[in-house]
Structure formats: structure tokens, C-alpha cells
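[1] sequence unknown, structure follows:
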Ligand code: KG4
Ligand code: ZN
């Protein structure tokens, strides 16, 4: 069973080939970061146009790398949402047309399901059930996962997502776009504790988050006086401490409440070193195993979409419309309704 995966929900074009027996055969990603940098954020129309330019060459590239032919493909999985409507449409229409031409099913995949299942691509994959912590640019969610397609939302952010908070804070500190990795890098040279930032909702007794107050606290500190380079690094370090403390505390509390001993971490913020350090230490003390996708698969990619498609096929979760050339995009789509 060879599944082609297509990801185009935001500013990365990802294409991959996953084989049910041989595993991931090839994956290629084109990042649009350099193109959007000048605008300080993703410009949706430019994103769509660039996806269109990249999809075919990336498809040819993964075919060549995996030494597969088009006729070998058994199914095409594509990100149907959530994401930017125009960007989603490019991948969805490419996937549906190719599927129609090849006479294979086109499978609409939820972007977060791709992230959530991606740690299962690792060599020693975790078994169901587990707690999943999804921390991306658009979402911060804690899910109880009992199987493929069985996701129970335990809590999520009431406002900004964790990645969004990293990005907005980075912007306040003049670090540009995309801010998350740049802020994490700056934090390494800073000292947390000099500036005092809140740990929003850490004692709320549930699994909900709020990051907009944290961002506002950074804004207040930035406005109070002109910051030196060291001030900025210290503020970045304190922000990273605050954000990762809240996220790690709630994720581990979800494990404790449910009695589950496996925590899966997915989404771009899952690449954050300080978050990993915290989770590994605290989970270790609580006898909880923490699983991450490999670093290259933390941010958006086609491999996670191909893999989620393959698991859905195996589980018999295929939409009857998969064969008729129709395609759907759902810019807003709760994961619990997949
Ligand atoms: O999952 P992802 O690639 O795209 C979405 O689905 O949103 O996540 C992107 C987010 C961005 O907000 C980015 O700043 C953040 O993940 N991110 C990080 C790091 N690497 C990426 N945030 C903190 N530390 C990092 N090392
Ligand atoms: Zn993502």
C-alpha cells in the first residue's frame, strides 16, 4: 500500500510517499519563509501561488528519490483543513485530479491528525491509548487518543496558540518572522527570572490555556523602557520559561488524571528544546514516556499526511466520496469530528 501525502495548509509545501510495509520512502518540503519574511507574516495569496508552483516538482522529486512510478500509488492523502482556504485548495485540487487520473482514492486528512500521529512514524512507536499535546502556530490542545480517528479533546487555548504567542512575542522583540525558533535561540543567551511574567491559568484545575495575557505582559515590559540586547534575551528566556512551564504542567496533569503513561508531543512548538527538557525531566520523574516526531517532522510536512492516510485506510476509515473526483477543504475543522 503506497500512499502519496500532500500538505499545503499554510506556508510549507510538503509531498511524501509512505509505504505500509517499507515505511517512509521519501519526503520533500519547500518552505516559503524567505518569501513571506518581507511582510512579517504569511500572505495568503502568495502562499497559494507558491504552492501551485512547487507541487509538481516536489511530486516528481519524491517519485525519483523513492524510485516509484505514478502507477505504484494506491491512494493520495491531502490536508483538507484546518488552514488557509486558498492554500488548502491548491493541494486538494492537485490530489483529487491526480487521484482521478490514476483511479485511486483521494483521502481528506485533518492537519492536526497528521501532527498527532507523526510520532508513530518513529522506530519505537508508542501504543494507544496516549495523551497528545498539540502545540502549533494555530492550535494548543490536549487530546486523549484511544486509536486512529478516536480523539477526545480535554482542553485547548481560549485565545492565542502557543506558537502564535512565541511568534508575537518575537515580533515585539524585533525578531521578525517566523519568530518561534528565533525567540528560542535568543532565550538561550538570556537569564529567566530577571523579568517576571505570569504563568496564565497554571492553577485553573483544567486543561485550558490562555496566552494572550503573557504576550501583553511582554508588550508592557517592552514599552516601559528601551531594552538593551541583554534585556531582550532575558525577556525571551523568561517568556520561554513561562510558556513551557504552563504547557508541560498541563500535559503531565492530563496524564496523571487519566492514568495514561504515554505522552505524545506534536506541532512546531514541540521542536522547542526547553519544552523537551522540561517534559523529559518531569515525565521521567512521574514514570511517563514522552514521544516526539523526529525534528524534521515536527513542523509541517507531507510525511505526516501520507502516514495518517495510510493508518486511516488500514482502519477502514475511508469516505465513500474518495473515488469520485470531489474534494473538500475545511479551513475551520475541529479534530474531534474527523
Ligand atoms: O506545526 P507548525 O509547523 O505549523 C502549524 O500548523 O501552525 O508550527 C509552527 C509554529 C510557529 O508558531 C513557530 O514559531 C513554532 O511552531 N515553532 C517554535 C519552534 N519551532 C517552531 N516555537 C518555539 N520554539 C521552537 N524551536
Ligand atoms: Zn502544522
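    Received the coordinates, thanks. All values derive from a computational prediction rather than experimental measurement. Ligands and ions are numbered 1, 2, ... in the order given.

[2] rest of the way, CA atoms for contacts and neighbours
    Fine.

[3] Next, the buried residues of stretch 326-338.
    Counting neighbours by 16 or more other CA atoms under 10 Å, one finds that the buried residues in stretch 326-338 are 327-331, 333, 335.

[4] just the helices in the stretch 1-150 of the chain please.
    For the stretch 1-150 of the chain, the helices defined by DSSP state H, counting those that start in this stretch occupy 33-37, 44-66, 85-102, 111-117.

[5] and residue 173, which of the ones you listed is closest to it?
    Counting by CA to CA, residue 173 lies closest to helix 33-37 out of the helices of the stretch 1-150 of the chain; the figure is 15.7 Å.

[6] What does the pLDDT read for the residue of the chain most remote from its centre?
    Distance from the C-alpha centroid of the chain peaks at residue 225, with 35.3 Å (CA atoms, centre = their mean). Note for residue 225: predicted pLDDT of 88.

[7] Return the distance of it relative to residue 180.
    According to CA to CA, to the nearest Å, residue 225 and residue 180 sit 24 Å apart.

[8] Looking at the helices of the stretch 1-150 of the chain, which one is packed in the most?
    The highest mean neighbour count among these, using mean count of other CA atoms under 10 Å, belongs to helix 111-117: a mean of 26.

[9] How about residues contacting it?
    Defining contact as CA atoms under 8 Å, 6 or more residues apart in numbering, one finds that helix 111-117 is touched by 9, 79-82, 132-134, 264-267, 298, 300, 304-305, 307-308, 335.

[10] Same check on stretch 49-63?
    Identification of contacts with stretch 49-63 by CA under 8 Å, 6+ apart yields 8, 12-17, 26-30, 32, 69-70, 87, 90-91, 94.

[11] filter those down to the ones near ligand 1?
    By CA under 6 Å from any ligand atom, no member of these lies near ligand 1.

[12] Emit the PyMOL select command for whichever of these are buried.
    To isolate the buried ones among the contacts of stretch 49-63 in PyMOL, judged by 16+ other CA under 10 Å, type:
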select buried, resi 8+12+13+14+15+16+17+26+27+28+29+30+32+87+90+91+94
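
[13] Which of the contacts of stretch 49-63 fall in strands?
    12-17, 26-30 (DSSP state E).

[14] quick one: which of the residues you listed is nearest ligand 1?
    residue 12 (8.1 Å; CA to the nearest ligand atom).

[15] pLDDT value on the closest residue to that closest one other than its chain neighbours, please?
    Using CA to CA, 6 or more residues apart in numbering and skipping the chain neighbours, the partner closest in space to residue 12 is residue 31 (4.6 Å). As summarised for this prediction, residue 31 has a pLDDT of 97.

[16] Return the distance of residue 31 relative to residue 145.
    Distance from residue 31 to residue 145, counting by CA to CA: 30 Å.

[17] For the two, indicate the residue with more neighbours.
    Comparing residue 31 with residue 145 by other CA atoms under 10 Å, the one with more neighbours is residue 145, at 20 against 17.

[18] Let me see the contact set for that one.
    Contacts of residue 145 were listed using CA under 8 Å, 6+ apart, and they are 128-132, 151-152.

[19] So the residue nearest to residue 12 sits against residue 11, correct?
    Yes: contact criterion CA atoms under 8 Å: residue 31 and residue 11 qualify, at 6.3 Å.

[20] Measure how buried whatever residue of the stretch 1-150 of the chain ends up closest to ligand 1 is and give me the count.
    Using CA to the nearest ligand atom, the closest approach of the stretch 1-150 of the chain to ligand 1 is made by residue 137 at 3.2 Å. Residue 137 is flanked by 20 other residues according to other CA under 10 Å.

[21] Rebuild the buried residues of stretch 326-338 as CSV, extending it with pLDDT and secondary structure.
    Formatted as CSV, the buried residues of stretch 326-338 follow (pLDDT from 0 to 100; DSSP: H, G, I helix; E, B strand; the rest coil):
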residue, pLDDT, secondary structure
327, 84, coil
328, 84, coil
329, 94, coil
330, 93, coil
331, 94, coil
333, 91, coil
335, 89, helix
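
[22] Now residue 151, what are its backbone angles?
    Main-chain dihedrals, residue 151, degrees, to the nearest 10: phi -120, psi 120.
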